[in-house]
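Okay, predicted coordinates and the sequence, questions at the end:
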Amino acid sequence: MMTTDDRRGFTAIELLVATVIFAGLAAALAQTLVSAQQARASSARWLRATQLAEERLERLRAGDRSDDAAPIDEFTRTWQATAVPDQSGLERFDIAVAWEDRGAQRFTLSALARSAP
């Protein structure tokens with residue numbers, strides 16, 4: 001004869017509670033994965049902006065004062081060269097790279113360099 005204490009397994013309530021807990025954890029994990037993907041994409045854009053600014057700085061140091069093609073993929077790059085007061089032959093280069101990533105983003109690289117002869 002089987003008594004109430006001999007029954008094994010889960011009740012419907014226990015299964016429902018376990019399912020709700022699992023669903024909550026799965027939703028939290030999915031949100032974490034989405035946030036991580038957005039952060040990775042944003043980081044990649046910042047890296048690309050840095051590379052574009054560095055590339056333009058090297059061209060300026062080499063004497064290339066031509067205008068940039070606009071835009072470069074999703075980025076817009078501008079630059080300005082100004083003479084440093086009281087420092088003969090020294091210029092300040094400001095290279096700005098702008099793009100959209102959940103709002104307007106802008107990276108500016110500034111450097112000093114000797115003027116091209």
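Arrived safely, thanks for sending. Because the structure is a prediction, the values reported are computed rather than measured.

Packing partners of the one helix or strand residue 39 maps to?
For residue 39, the element it lies in under DSSP states H and E is helix 12-61. Under the contact criterion of 3 or more CB pairs under 8 Å, 6 or more residues apart in numbering; DSSP states H and E, helix 12-61 touches strand 76-83, strand 90-100, strand 104-114. Quick note: C-beta positions are derived from backbone N, CA and C, even for glycine.

Near residue 56, how many other residues are there?
With neighbours defined by other CB atoms under 10 Å, the count for residue 56 comes to 21.

How many neighbouring residues does residue 97 have?
26.

That one contacts residue 52, correct?
Yes - assessed by CB atoms under 8 Å, residue 97 is found in contact with residue 52 at 5.1 Å.

who touches both of those two?
Listed as contacting both residue 97 and residue 52 by CB atoms under 8 Å, 6 or more residues apart in numbering are 75, 77.

Please enumerate residues in contact with stretch 100-111?
Counting by CB under 8 Å, 6+ apart, 38, 41-42, 45-46, 49-50, 53-54, 57, 74, 92-99 sit against stretch 100-111.

can you rerun that using 7 Å?
Under the criterion CB atoms under 7 Å, 6 or more residues apart in numbering, residues 42, 45-46, 49-50, 53-54, 57, 74, 92-99 lie in contact with stretch 100-111.

That one: which residues count as buried?
Buried residues in stretch 100-111, counting neighbours by 16 or more other CB atoms under 10 Å, are found at 107, 109.

picking up where we left off before, okay, the helices and strands packed on helix 12-61 in TSV with mean pLDDT and distance to residue 23 next?
Shown next, in TSV, are the helices and strands packed on helix 12-61 (pLDDT from 0 to 100; distance: least, CB to CB, whole Å):
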stretch	mean pLDDT	distance to residue 23
strand 76-83	93	44
strand 90-100	95	35
strand 104-114	94	36
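
Adding distance to residue 22, write the ones you listed out as CSV.
Supplementary listing: the helices and strands packed on helix 12-61 in CSV, determined by distance: least, CB to CB, whole Å:
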stretch, distance to residue 22
strand 76-83, 46
strand 90-100, 38
strand 104-114, 38
